[in-house]
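>>> Output the structure for:
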Amino acid sequence: MATAAVLTAGCGLASPDFDRIVAMQLESSDQTILVGDTVQLVARAVNAAGEVVDSIAVVWRIVDVDSGQIGFTLDTTTGILAGTRPGAGRVQASLADLRSNPITTTVVQDSSALLLSSTAWRRRARGSRP
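Numbers count the residues shown, from 1 in each chain. Now for the predicted structure:
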């Protein structure tokens with residue numbers, strides 16, 4: 001009988017903290033946007049019970065900040081990403097020591113600009129100027 005009391009007391013001490021944040025999930029996946037577009041990135045914190053925890057402030061960061069190929073700006077507090085020029089980069093959400101998987105955002109010119117670039121390229125390839 002004494003053994004059962006010790007086991008019960010021991011189990012009470014080792015109970016998990018189900019409110020603890022254990023994961024970050026992003027609503028977005030890899031995406032392509034146009035120059036001039038803005039998107040709102042959304043991350044969710046998940047606790048040990050598997051429930052989404054509301055009102056958690058995450059910090060956003062550009063993973064490839066030194067690549068020179070980033071085609072967007074990112075508000076690290078709000079998660080608003082704005083396409084500024086053609087390019088690509090990875091973005092990640094964090095909360096304390098947790099990090100989400102990075103997602104890639106590629107920024108392209110709009111279709112009319114692509115058409116003009118294609119026409120100008122063909123003229124240059126033939127040796128004529130626009």
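
>>> List the contacts of residue 17.
Neighbouring residues of residue 17 by Cβ atoms under 8 Å, 6 or more residues apart in numbering: residue 48. Heads up, the C-betas are built off the backbone N, CA and C, glycines and all.

>>> Just the element for it, please.
For residue 17, there is no helix or strand it lies in under DSSP states H and E.

>>> Now do it against residue 48, distance only.
6 Å (Cβ to Cβ, to the nearest Å).

>>> same deal with residue 89?
As judged by Cβ to Cβ, residue 89 and residue 48 stand 32 Å apart.

>>> more crowded one of those two?
Higher neighbour count among residue 89 and residue 48: residue 89, with 22 against 13, using other Cβ atoms under 10 Å.

>>> For the more buried one, which non-adjacent residue is closest in space?
residue 70 (4.1 Å; Cβ to Cβ, 6 or more residues apart in numbering).

>>> and that neighbour, how many residues sit next to it?
With other Cβ under 10 Å as criterion, residue 70 counts 21.

>>> That one: what's it in contact with?
Per Cβ under 8 Å, 6+ apart, neighbours of residue 70: 62, 64, 87-89.

>>> where does it land in three-state SS?
State at residue 70, reduced to three classes by DSSP: H, G, I helix; E, B strand; the rest coil: coil.

>>> Against residue 60, how distant is it?
In this structure, residue 70 and residue 60 are 13 Å apart, going by Cβ to Cβ.

>>> And for residue 103?
Residue 103 sits 11 Å away from residue 60, taking Cβ to Cβ as the criterion.

>>> what's the overlap in contacts for the two?
Joint contacts of residue 103 and residue 60 (Cβ under 8 Å, 6+ apart) are 41, 91-92.
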